[in-house]
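Asker: next one to model:
(one chain, ligands or ions: 2)
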Amino acid sequence: MSARSLIHARGLVAAAAVFALAACEHSAPPQSSAAPVPAAKPGRPAAVAFTPPPLRAIPDDAFGAEVRKGEALFRHTATTAPQYVGNTLSCQNCHLDAGRLADSAPMWAAWVSYPAYRSKNQRVNTFEERLQGCFKFSMNGKAPPLGAPELVALEAYSYWMAQGAPTGTKLVGAGYPKLPKPAQGWDYARGKQVYASHCALCHAADGQGLLVDGKTWFPPLWGPQSYNWGAGMSRLDLAAGFIKANMPLGNGNSLSDQQAWDVAYYIDGHERPQDPRYLGSIEATRTKFHDGPYETYGRIAQGRLLGAGVGVVGGSTVTRESAPRAPLAPRLRD
Ligand code: HEC
Ligand code: HEC
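Answerer: Ligands and ions are numbered 1, 2, ... in the order given. This next block holds a predicted model:
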């Protein structure tokens, strides 16, 4: 297939996927609802179902204007907040349907879950601080200062979306689904195969997605324009949960759990921008921030030590080829 017809074919797939997302937007009932769902585990409160209001219900006043500003930031982050974004992603690339879709860490569920304790920084974080984290890590950028107009607009959008949602209760569809641990562990070669048959059409064989005239049609999954090593998506459990529920786009929950874990490992087995908390060596950074069971940073994949970072690091460009090879770090095992 020629490059041109490939772009055309991928554009059609994108159009279908966008249509699928638009369709779920319009089928949302006009009012928000909060109804208990049975099936609580003994000793745990029942999760509560919630549907956010449709976008057409955004009020036509000064508050509504702020909500719309937040929605635009959420959809087109790299172009509307370039000073805080270091890649070509937007918030909605990982929080689908502009942060409205259940099981893709929707903003209505997040809004009512903060302030919350986070083991990532070992203290209680406000919602605004949580937003700062996604700028720093997922967007490989710079955290806007507390009170920055961009954060206020994103808060207004999330708050508006959560109207009528109860606080202090787990909402159905909050966060990414938690998959059971994979029976066969995870495997690079199996993941590569899943990637080739279910993902490469849109995200491209080299994982760099499709960017045309500055517009991201399909986001990159690794490399210099992707999320960095400090981002949640670089953790296998979070990536596998997101992928299982949401990918291939428009056909979520079609992969087996095992396929989702394997392809998550394949993606996070590639190099990406350095963790901004880098402590001067991969090993020190791994020990302090990446010691969990679902981390690939500082581990070896395909004979190479992951965590060198790609993109501009300290003034020189690091590529996968110039990254240290495994024998330099014999103590680190896969
Ligand atoms: C590369 C993917 C990615 C991008 C891009 C991204 N996020 Fe996230 N975000 C995540 C992951 C992963 C989590 C953790 C989800 C979980 O814990 O289940 C998360 C969590 C969140 C949460 C907390 C959700 C909760 O339920 O506690 C908020 C709020 C959030 N992101 C906002 C944003 C905003 C705003 C942007 C854009 C500035 C953004 N994210 C961009 C991946 C991303
Ligand atoms: C039909 C095209 C399509 C296919 C096939 C597809 N994706 Fe995606 N993917 C997208 C689009 C588009 C987004 C961004 C969603 C948005 O902005 O609404 C995305 C987002 C993502 C993200 C989060 C954003 C990022 O850059 O990290 C991950 C991870 C991901 N896809 C992984 C996969 C995996 C793994 C597969 C194969 C199992 C897959 N995708 C198949 C179109 C696709």
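
Asker: which residues touch the spatially most central residue of the chain?
Answerer: Central residue of the chain (CA atoms, centre = their mean): Cys94, 3.6 Å from the mean position. When contacts are counted by CB atoms under 8 Å, 6 or more residues apart in numbering, Cys94 touches Ser104, Ala105, Ser138, Tyr227, Met233, Phe242. Where you see a C-beta, it was placed from the backbone N, CA and C, and this is true even at glycine.

Asker: could you do Gly64 as well?
Answerer: Gly64 touches Ile58, counting by CB under 8 Å, 6+ apart.

Asker: same question for the one 4 residues further on.
Answerer: Under the criterion of CB under 8 Å, 6+ apart, the contact partners of Arg68 comprise Ile58.

Asker: assign it to helix, strand or coil.
Answerer: Assigned with DSSP: H, G, I helix; E, B strand; the rest coil, Arg68 falls in the helix class.

Asker: top of the contacts of Cys94 by neighbour count?
Answerer: Neighbour counts for those (other CB atoms under 10 Å) peak at Tyr227, which has 27 neighbours.

Asker: that one belongs to a strand?
Answerer: No - counting by three-state DSSP, Tyr227 is not found in a strand; it is coil.

Asker: surely it meets Gly141?
Answerer: No - contact criterion CB atoms under 8 Å: Tyr227 and Gly141 do not qualify, at 10.4 Å.

Asker: what touches both of these two?
Answerer: Counting by CB under 8 Å, 6+ apart, the residues touching both Tyr227 and Gly141 are Asn87.

Asker: whichever residue of the stretch 201-334 of the chain sits closest to ligand 1: neighbour count?
Answerer: Ligand 1 sits closest to Gly232 of the stretch 201-334 of the chain, with a gap of 2.9 Å, by CB to the nearest ligand atom. Using other CB under 10 Å, Gly232 is surrounded by 19 other residues.

Asker: widest-spaced pair of the contacts of Cys94?
Answerer: Using CB to CB, the contacts of Cys94 span at most 14.7 Å, a distance reached by Ser104 and Tyr227.

Asker: residues of this structure that sit close to ligand 2?
Answerer: Applying CB under 6 Å from any ligand atom, we find that the chain lies next to ligand 2 at 13, 17, 89, 92-94, 96, 198-199, 201-203, 218-221, 227, 233, 239, 242-243, 247-250, 255, 263.

Asker: in helices, which of the residues you listed fall?
Answerer: Members of these lying in helices (criterion: DSSP state H): Val13, Ala17, Leu96, His198, Leu201, Cys202, His203, Ala239, Phe242, Ile243, Val263.

Asker: how many residues are close by the last one?
Answerer: Look at Val263: counted by other CB under 10 Å, it has 28 neighbours.

Asker: Gly164 now?
Answerer: 13.

Asker: and Pro180, that's in a strand?
Answerer: No - secondary structure assignment (three-state DSSP) places Pro180 in coil, not in a strand.

Asker: distance of it from Ser256?
Answerer: Using CB to CB, to the nearest Å, we find Pro180 at a distance of 11 Å from Ser256.

Asker: helices of the stretch 101-250 of the chain, start to end?
Answerer: 107-111, 127-133, 149-161, 188-198, 200-203, 236-246 (DSSP state H, counting those that start in this stretch).

Asker: spell out which residues of the stretch 51-200 of the chain are next to ligand 1.
Answerer: If contact is defined as CB under 6 Å from any ligand atom, the residues of the stretch 51-200 of the chain in contact with ligand 1 are 77, 89, 91, 93-95, 105, 109-110, 113, 130-131, 134-135, 138-139, 154, 174-176.
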